[in-house]
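**Student:** Mind folding the following:
(one chain, ligands or ions: 1)
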Amino acid sequence: RRMSEKSKAKVFVSRDDFPAEGMNLLKERCDLEIWPLKKGLLSRDELVKQIKVKDAFYIALGDKIDKELLKSAGKNFKVISTMSVGLDHIDVAAAKEAKIRIGYTPDVLTEATAELTIGLLIATSRRLFEANKALRCGDWKSWSPLWMCGPGLEGSTIGIFGFGRIGQSVAKKLLAFRVSRILYCGRKKKEGNEIGAIHTDFDCLLKESDFVIVNCSLTPETKCVFNKDKFSLMKPTSIFVNTARGGVVDQEALLEALQNKVIAGAGLDCMNPEPIPTDHPLTKLDNCVLLPHIGSATFGSRNAMGVLAAQNILAALDDREMPAEIKV
Ligand code: DGY
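**Tutor:** Below is the predicted model:
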């Protein structure tokens, strides 16, 4: 159904709190059915119902699109646009097979996510939340020479696992902190040359780094790659930061590594499950900073993601090139 035809394209929007600018772009040219969150989180059954009768989906991270669901797609269904750069909630290969196009939102969240990664490095190493908690509960007795000390970034070795857009941006920002070396591993091998970052293998990165940062996407190859063996290679003084996906980490192994001081600390913006139960053992640890998946949560990034996700749908409905389509 081309949009120039009389009837408007039908788009299902998986929640009612997407940024307004993107929604308004869509509203001009499409009929939207928006899932009201007051009814609870969207169910799979609802998605199955919707994919049969709509032309497009506008979704986010929590909306799982698997092969079975895609099989239910009606003949007009053309495109799924996710307001995220991560695609691990979508079976992209099955979508391709079903000739359904997939739009996503790279680039517009790179700097925001890299900034939050730096924030977590500092929050964890300089013990910001632990210190704030101590102040609030009256444990601050006097200025004390060694109280709340931690390692600084200056002079440290940083290891970045996954050197795509976000990993590279983190590396560039870290130069300003006068770190001594930046190591990285992953499929990209030459991207670090310009800034003097060194490509290395995974084990070497773990053994040598004072800070290990995860910036890869979650794929079958990266699932649970941070396991007990890998944590045991890290320095006991090292800090682990993950702003990518919880699924990259064997979380039980991480918990043990933190409890047994195999590593010194962790800063996590993503975990398993999300939301993590408030009584989960990770929430009890002073050497673990947990954030509720807010890497891209600047007003600018979230708005730009919403707009790009809308533009992707509009382009696909017109059979045009999408501004950001994943090709497999
Ligand atoms: C993404 O885009 O994949 C992030 O996890 C949320 O911004």
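**Student:** From now on I want contacts and neighbour counts done on CA atoms only, so please keep to that.
**Tutor:** OK.
**Student:** any idea of the pLDDT on the residue nearest to the spatial centre of the chain?
**Tutor:** Note on the chain: the residue nearest the mean C-alpha position is residue 244, at 4.2 Å, using Cα atoms, centre = their mean. Looking at residue 244, its pLDDT is 98.
**Student:** thinking residue 313 is in contact with residue 81, fair?
**Tutor:** Yes. With contact defined as Cα atoms under 8 Å, residue 313 counts as touching residue 81 (6.2 Å).
**Student:** if I look at the residue nearest to the centre of the chain, how far off is residue 160?
**Tutor:** Separation of residue 244 from residue 160 (Cα to Cα, to the nearest Å) stands at 11 Å.
**Student:** Quick check: neighbours shared by the two?
**Tutor:** Counting by Cα atoms under 8 Å, 6 or more residues apart in numbering, the contacts common to residue 244 and residue 160 are 214-215.
**Student:** tell me the SS of the residue of the chain positioned farthest from its centre?
**Tutor:** Residue distances from the centre of the chain (Cα atoms, centre = their mean) peak at residue 142, which lies 39.7 Å from the mean C-alpha position. Classification of residue 142 using DSSP: H, G, I helix; E, B strand; the rest coil returns coil.
**Student:** Now do the contacts for it.
**Tutor:** Per Cα under 8 Å, 6+ apart, neighbours of residue 142: none.
**Student:** Just the pLDDT at it, thanks.
**Tutor:** Reported pLDDT for residue 142: 97.
**Student:** Name the residues of the stretch 151-300 of the chain found near the ligand, please.
**Tutor:** residue 296 (Cα under 6 Å from any ligand atom).
**Student:** Check which helix or strand the residue in the stretch 151-300 of the chain positioned nearest to the ligand maps to.
**Tutor:** As assessed by Cα to the nearest ligand atom, the ligand sits closest to residue 296 within the stretch 151-300 of the chain, at 4.6 Å. For residue 296, there is no enclosing helix or strand under DSSP states H and E.
**Student:** quick one: it and residue 306, what's the gap?
**Tutor:** 12 Å.
**Student:** what are the ranges of the helices in the stretch 51-200 of the chain?
**Tutor:** 67-71, 92-97, 110-125, 128-136, 165-175 (DSSP state H, counting those that start in this stretch).
**Student:** Tell me which of these is the most buried.
**Tutor:** Among those, the stretch with the highest mean neighbour count (mean count of other Cα atoms under 10 Å) is helix 110-125, at a mean of 22.
**Student:** C-alpha coordinates for it, CSV please?
**Tutor:** Listed next in CSV are the C-alpha coordinates belonging to helix 110-125 (Å, rounded to 0.1, in the frame of the first residue of the first chain):
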residue,chain,number,x,y,z
THR,A,110,26.4,7.3,20.3
GLU,A,111,27.7,10.3,22.2
ALA,A,112,25.0,10.0,25.0
THR,A,113,25.8,6.4,25.6
ALA,A,114,29.6,7.0,25.5
GLU,A,115,29.1,9.9,28.0
LEU,A,116,27.2,7.6,30.4
THR,A,117,29.9,5.0,30.0
ILE,A,118,32.4,7.6,31.3
GLY,A,119,30.0,8.4,34.0
LEU,A,120,29.9,4.8,35.2
LEU,A,121,33.7,4.5,35.1
ILE,A,122,33.9,7.4,37.5
ALA,A,123,30.9,6.5,39.6
THR,A,124,32.3,3.1,40.2
SER,A,125,36.0,3.8,40.6
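**Student:** between that helix and helix 165-175, how big is the angle?
**Tutor:** 60 degrees (axes from the mean of the first three to the mean of the last three Cα atoms, to 10 degrees).
**Student:** need the residues of the stretch 1-150 of the chain near the ligand, please.
**Tutor:** 84-86.
**Student:** could you redo those as a markdown table and give each row neighbour count?
**Tutor:** Output for those, formatted as a markdown table (neighbours: other Cα atoms under 10 Å):
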| residue | neighbour count |
| --- | --- |
| 84 | 21 |
| 85 | 21 |
| 86 | 19 |
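**Student:** Kindly present those residues as JSON lines, with separate columns for pLDDT and distance to residue 133.
**Tutor:** Shown next, in JSON lines, are those (pLDDT from 0 to 100; distance: Cα to Cα, whole Å):
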{"residue": "84", "pLDDT": "98", "distance to residue 133": "33"}
{"residue": "85", "pLDDT": "98", "distance to residue 133": "34"}
{"residue": "86", "pLDDT": "98", "distance to residue 133": "33"}
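**Student:** max-length helix in the protein?
**Tutor:** In the chain, taking DSSP state H as the definition, the longest helix is helix 299-317.
**Student:** I'd like the average pLDDT over that one.
**Tutor:** 98.
**Student:** how about residue 34, what does it touch?
**Tutor:** 12-16.
**Student:** next one: residue 119
**Tutor:** Here residue 119 is in contact with no residue (Cα under 8 Å, 6+ apart).
**Student:** What's the separation between it and residue 113?
**Tutor:** For residue 119 relative to residue 113 (Cα to Cα), the value is 10 Å.
**Student:** joint contacts of residue 313 and residue 81?
**Tutor:** Listed as contacting both residue 313 and residue 81 by Cα under 8 Å, 6+ apart are 56, 58, 103.
**Student:** List just the nearest of these to the ligand.
**Tutor:** For those, the nearest to the ligand is residue 103 (11.8 Å; Cα to the nearest ligand atom).
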